[in-house]
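*Asks:* Fold the following.
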Amino acid sequence: RKYRGTVSMRDSLADSLNIPTVKLCDMVGVDTVIQMARKLGIRSPLSAALSIALGACEVSPLEMASAYNTIAARGVYSRPHLVLRVRDRMGNTIYKHHTVRQEAVGRSSTEALHRMLRAAVTNGTGKAAASGWPSAAAAGKTGTSDDYRDAWFAGYTPAMSCVVWVGKDDNSPLPGTGASLAAPIWGRFMRAASGAGIPVEKGATKRRVSRWRNIT
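*Replies:* Take a look at the predicted model:
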């Protein structure tokens, strides 16, 4: 790649530019980055090194989905859960999950981040994620590890967050990147979910969808 000189954070994220990302991590401090990751729901061990800015740590797709869900919820974190309710054979509820929400990030910060993640889908490396379905409020980010061993796309709409990871069992290189492998899968899933009636945007209030669409 050619040196592009001074670039905005929006362009560096949309185009997956590594140097500005590492410089930003150095400016705010690695410890601050780790603290923010914890607030967003990342629980896996994170190395206290600048390489964390480029994803040099192992995180599960569920943790990534949780983090992006926090962004979609305008900074409000909700711990992921699998079981909503348990009933006995008589139909009596013997367990009901009670969601505990807490503010992890300020709303203005998540709106600024949404603008950048939205740019990645409309003009950057994540364009394939928005193809073929009503993705007016979709936002997200691609990711590709060294030697093309992992390909990611993590993203969300106002009503759903979803993460796609592509890799091989033997950890051998992939024939593509997050942009060419993971992003199209993410788009196909969201298109299928929307077509099957699963809330993608409709699950959120029209007002919330409109707010996200208007943040550009």
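
*Asks:* can you give me the strands for this structure?
*Replies:* Using DSSP state E, the strands found in the chain span residues 76-78, 85-87, 93-96, 101-103, 139-144, 151-156, 161-166.

*Asks:* Need the contact partners of the last one.
*Replies:* So the one you mean is strand 161-166. For strand 161-166, the surrounding residues in contact (C-beta atoms under 8 Å, 6 or more residues apart in numbering) are 61-62, 64-66, 68-69, 72, 150-156, 174, 178, 181-183, 185-186, 189-190. Placement of C-beta: from N, CA and C, glycine included.

*Asks:* Among those residues, name the buried ones.
*Replies:* Buried members of these, counted by 16 or more other C-beta atoms under 10 Å: 64-66, 68-69, 72, 150-156, 174, 178, 181-183, 185-186, 189-190.

*Asks:* With adjacent residues omitted, what lies nearest to Trp152?
*Replies:* Of all residues not flanking Trp152 in the chain, Gly143 sits nearest, at 3.6 Å (C-beta to C-beta, 6 or more residues apart in numbering).

*Asks:* Just the angle for the lengthiest helix in the chain relative to strand 139-144, thanks.
*Replies:* Ranked by residue count, the top helix of the chain under DSSP state H comes out as helix 107-122. Put simply, helix 107-122 runs at 60 degrees to strand 139-144, going by axes from the mean of the first three to the mean of the last three C-alpha atoms, to 10 degrees.
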